[in-house]
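Novice: predicted structure and sequence below. I'll ask about it afterward.
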Amino acid sequence: MASLLDQIREALVAFTRLQTPPALIDGLALAAHNVVLATRDVDFQAPGLRE
């Protein structure tokens, strides 16, 4: 299994190829505000992309 950092890098490469600026949301985004949550995933929001 790839490390969390490797997964973030892979996602950012994909967003760059799609020319879509992502926004980091949820648990890891809160770390920038000194709020620590036990999270094991990364959540991005990307305008214009659909599931």
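Specialist: Perfect, I can see it now. Numbers count the residues shown, from 1 in each chain.
Novice: burial count for Pro22?
Specialist: Neighbour count of Pro22, defined by other C-beta atoms under 10 Å: 19. Yep, even glycine has a C-beta here, placed from its N, CA and C like the rest.
Novice: show me what contacts it?
Specialist: Residues in contact with Pro22 (C-beta atoms under 8 Å, 6 or more residues apart in numbering) are Ala11, Leu12, Phe15, Phe44, Gln45, Ala46.
Novice: CA atoms only: put the worst-scoring helix or strand of the chain on mean pLDDT into PDB for me.
Specialist: Scoring the helices and strands of the chain by mean pLDDT, DSSP states H and E places helix 27-30 at the bottom, with a mean of 75. Output in PDB follows, covering the C-alpha atoms of helix 27-30 (Å, rounded to 0.1, in the frame of the first residue of the first chain):
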ATOM      1  CA  GLY A  27      -9.600  16.200   8.300                       C
ATOM      2  CA  LEU A  28      -6.200  17.100   6.800                       C
ATOM      3  CA  ALA A  29      -7.400  20.600   5.900                       C
ATOM      4  CA  LEU A  30      -8.200  21.200   9.500                       C
END
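Novice: next structured bit after that helix?
Specialist: Under the assignment DSSP states H and E, the closest C-terminal helix or strand after helix 27-30 is strand 43-45.
Novice: and the nearest residue to Phe44 once chain neighbours are set aside, how far from Ala11?
Specialist: Take Phe44 and drop its neighbours on the chain: the residue closest to it by C-beta to C-beta, 6 or more residues apart in numbering is Pro22, 4.3 Å away. To Ala11, Pro22 is 7 Å away according to C-beta to C-beta, to the nearest Å.
Novice: shared neighbours of these two, anything?
Specialist: Going by C-beta under 8 Å, 6+ apart, residues that sit against Pro22 and also against Ala11 are Phe44.
Novice: and the contacts of Pro22, which two are furthest apart?
Specialist: Leu12 and Gln45 (13.7 Å; C-beta to C-beta).
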